[in-house]
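Undergrad: model this:
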Amino acid sequence: MDEEAAERKSDPVRVHEFPLPGSWGIRLYLLDESANPTGSLKHRMARALFRHAIRCGRIGRNTLVIEATGGNAAVSQAYFARLLDLPFVAVMPRKSSPEKIERIERHGGAVRLVHPPLAIYDEAEKLAGEYGGHYMDYLANGARAVAASGGDDDIGRVLFERLALEGAPAPAWVVMGAGSGTTATMIGRYIRRHGLDTRLAVVDPENSAYFPGWVMESGEYTTGMPSRIEGIGRPRIEPSFDIAVVDLVVPVPDAASLAAMRFLYETTGLHGGGSTGTNLWGAFLMVAKMRREGRRGAVATLICDDGDLYRDTYYSDAWLQKKNFDLAPNLERLREFIATGELAR
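TA: Residues are numbered from 1 along each chain as shown. I've put the predicted structure just below:
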């Protein structure tokens, strides 16, 4: 058995179906990327980045690997660096939470804290130059690395192959949030490469550049503000995002994202984070759209990471109150949606 076949056989990721009313004739599938060893969909991209950098000669024995982020991308890269016995440093904003730092250190990574937050990118480049290391820069290089690696690093291939194994039809819509833009781009390219009758909707949280950039038909747009939904939403449109493979971009209020995340847990017991909630709200919008159009079929999206990572934030009522989030109105909208099939933006 070759390496790729062995990985596919041992891959823990599974597809779940959200319980929509059977009379609608629409099925909603969720690929659970939280089951990856590092608990998020960034696991595949980290593997692709290491494979690509090694093949290109940018990483060798004892090379210091550096990344500029404090999120799931750094956790996954720390994991692979440890497997390869390589030193790893995550350059993070000084105000990063102790929980984020602990997750990286748990996998053997080190942390460099800097201020202001946007200085992390210059600091990562500086470290790489000083120590002869390699700055991964997943925001710029993620899509290129995944395209070069292919196989189970390509989330588009994984999604459609897993749906086929479940006996599901090719979905009418795939819904995906964008952080670096790599995941959405790979799904969109897979759809077009295989000539599928599937459309890609990108969902965008508050303060992010992707929706306004889409409206203005611009590949360059900045908001200057951070997203409150970890893992997605960027103040600029990142180089890994290919707007040409996207059919629709939908803004999702942050309170709606968190309500959908809670609704998923209450309804199914599946424990996703805030970006999963953004995906799910967008998927519900596409289901409602299909019902208005009298269409049957399927919609697919992802559980992006493990909700347990957010037990002290998104799943904490005290934290939500402190941040002035009121989820009740949107939770009621979701309950009405399941009863009526109607959900407006």
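Undergrad: what is the neighbour count of the closest residue to His16 other than its chain neighbours?
TA: In this structure, His16 finds its nearest non-sequential neighbour in Leu30, 4.7 Å apart by C-beta to C-beta, 6 or more residues apart in numbering. (C-beta placed from N, C-alpha, C; glycine too.) Residues within reach of Leu30, counting by other C-beta atoms under 10 Å, total 23.
Undergrad: same thing with the one 4 residues further on?
TA: The number of residues packed near Ser34 is 25, by other C-beta under 10 Å.
Undergrad: quickly note the distance from the nearest residue to it once chain neighbours are set aside to Val175.
TA: In this structure, Ser34 finds its nearest non-sequential neighbour in Asp306, 4.2 Å apart by C-beta to C-beta, 6+ apart. Per C-beta to C-beta, to the nearest Å, Asp306 is found 20 Å from Val175.
Undergrad: so, low pLDDT: which residues of the stretch 151-300 of the chain?
TA: For the stretch 151-300 of the chain, the stretches flagged by pLDDT under 70 are 218-219.
Undergrad: the helices in it, which residues?
TA: 155-165, 182-193, 210-215, 254-268, 274-292 (DSSP state H, counting those that start in this stretch).
Undergrad: can you redo these as JSON lines with mean neighbour count?
TA: Compiled in JSON lines, these are given as follows (neighbours: other C-beta atoms under 10 Å):
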{"stretch": "helix 155-165", "mean neighbour count": "19"}
{"stretch": "helix 182-193", "mean neighbour count": "24"}
{"stretch": "helix 210-215", "mean neighbour count": "20"}
{"stretch": "helix 254-268", "mean neighbour count": "22"}
{"stretch": "helix 274-292", "mean neighbour count": "26"}
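Undergrad: now for the ones you listed, which one comes closest to Gly71?
TA: Closest of these to Gly71 is helix 274-292, at 10.2 Å (criterion: C-beta to C-beta).
Undergrad: and the closest one, what other elements does it pack with?
TA: strand 26-32, strand 173-177, strand 199-204, helix 254-268, strand 297-303, helix 328-340 (3 or more C-beta pairs under 8 Å, 6 or more residues apart in numbering; DSSP states H and E).
Undergrad: how does it look with 6 Å?
TA: With contacts defined as 3 or more C-beta pairs under 6 Å, 6 or more residues apart in numbering; DSSP states H and E, helix 274-292 has these neighbours: strand 26-32, strand 173-177, strand 199-204, helix 254-268, strand 297-303.
Undergrad: distance to Val91 for the ones you listed - can I get that in CSV?
TA: Formatted as CSV, the helices and strands packed on helix 274-292 follow (distance: least, C-beta to C-beta, whole Å):
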stretch, distance to Val91
strand 26-32, 30
strand 173-177, 24
strand 199-204, 26
helix 254-268, 26
strand 297-303, 27
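Undergrad: quick one: mean pLDDT over stretch 47-63.
TA: Averaged over stretch 47-63, pLDDT sits at 95.
Undergrad: spatially central residue in this structure, please.
TA: Geometric centre of the chain, nearest residue: Cys304, 5.1 Å, by C-alpha atoms, centre = their mean.
Undergrad: and the closest residue to that one other than its chain neighbours, what does it touch?
TA: Take Cys304 and drop its neighbours on the chain: the residue closest to it by C-beta to C-beta, 6+ apart is Ser275, 4.4 Å away. Taking C-beta atoms under 6 Å, 6 or more residues apart in numbering as the contact definition, Ser275 lies against 177, 229, 231-232, 304.
Undergrad: ok, 10 Å please
TA: Residues near Ser275 by C-beta atoms under 10 Å, 6 or more residues apart in numbering: 40-41, 72, 176-179, 203, 205, 227, 229-233, 257, 261, 302-305.
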